[in-house]
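Asker: Any chance you could fold what I've pasted below:
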Amino acid sequence: MFASTTRVLTTESRVHPTRRWKSNNATRVAKIKASSSNLEGAESVQLGTAKLPADINVETFSSSLFQWATTLTTSGQNMPFVLPQKVDKTETGFEMDFLKSNPNDPGSFVSVGTIEAKVEEIDDGSKILFLRGYGDVKVPKKLVDVPIVMQTMPNAIKRAITVSMP
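Answerer: Next up is the predicted model:
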């Protein structure tokens with residue numbers, strides 16, 4: 001039910017040649033437990049929708065959105081997120097988990113909320129991007145990072161559409 005990933009951050013101890021200072025950062029290991037890509041049946045709230053052009057390349061579009069989501073903190077904008085994030089690519093989009101320390105297992109993290117972006121085809125053959133929130137994302141103002149992500153989403157969708165057109 002939960003995927004477990006081990007993240008290892010290592011830095012070596014070294015002496016700067018001219019400043020004579022030593023860096024002693026310890027090696028840290030953290031387990032991250034986040035929801036798997038199967039959110040079917042879980043309660044959600046709809047955060048938004050976007051109708052996509054009929055001739056869009058869905059694979060390129062979803063890859064572009066995934067790249068945007070994974071680089072939010074390193075895209076030059078340096079978004080000031082309170083919670084760490086884990087982003088997983090899905091077949092037609094991505095899932096972004098917001099993580100908090102697990103009080104029952106020190107050194108590990110659990111997902112407290114998920115934003116799912118998923119392209120679905122509806123009855124008339126149109127393609128729609130659905131943005132859904134799970135967990136604490138459903139509760140207004142509980143996860144302070146959600147509004148920051150959602151404010152940058154429209155531009156990311158527009159860029160992804162531009163890149164994905166033939």
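
Asker: Contacts for whatever helix or strand K158 lives in next, please.
Answerer: For K158, the host element (DSSP states H and E) is helix 145-164. Residues from elsewhere that reach helix 145-164 (C-beta atoms under 8 Å, 6 or more residues apart in numbering): 47-48, 50, 52-53, 56-58, 60-61, 64-65, 68-69, 72, 77, 79-83, 85, 96, 98, 113, 115, 129, 131, 133, 137. Where you see a C-beta, it was placed from the backbone N, CA and C, and this is true even at glycine.

Asker: Going along the chain, name the helices of the protein.
Answerer: Assigned by DSSP state H, the helices in the chain fall at 58-70, 145-164.

Asker: give me the beta-bridge partners of the nearest residue to Y134 once chain neighbours are set aside?
Answerer: The shortest distance from Y134 to any non-neighbouring residue, by C-beta to C-beta, 6 or more residues apart in numbering, is to T114 (4.3 Å). Taking DSSP bridges as the rule, T114 bridges to D97, Y134.

Asker: list the contacts for the closest residue to K142 other than its chain neighbours?
Answerer: Counting by C-beta to C-beta, 6+ apart, D136 is the residue found nearest to K142 once chain neighbours are left out, at 4.7 Å. Counting by C-beta under 8 Å, 6+ apart, D136 touches F98, V112, G113, K142, L143.

Asker: could these be laid out in a markdown table, adding pLDDT, neighbour count and distance to V149?
Answerer: Below are the contacts of D136 laid out as a markdown table (pLDDT from 0 to 100; neighbours: other C-beta atoms under 10 Å; distance: C-beta to C-beta, whole Å):
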| residue | pLDDT | neighbour count | distance to V149 |
| --- | --- | --- | --- |
| F98 | 91 | 26 | 9 |
| V112 | 92 | 17 | 14 |
| G113 | 93 | 22 | 11 |
| K142 | 89 | 13 | 14 |
| L143 | 89 | 22 | 9 |
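
Asker: residues touching the spatially closest residue to K51 that is not a sequence neighbour, list them.
Answerer: Nearest residue to K51, sequence neighbours excluded (C-beta to C-beta, 6+ apart): I128, at 5.7 Å. Taking C-beta under 8 Å, 6+ apart, we find I128 in contact with T49, A50, K51, L52, V119, E120, E121, I122.
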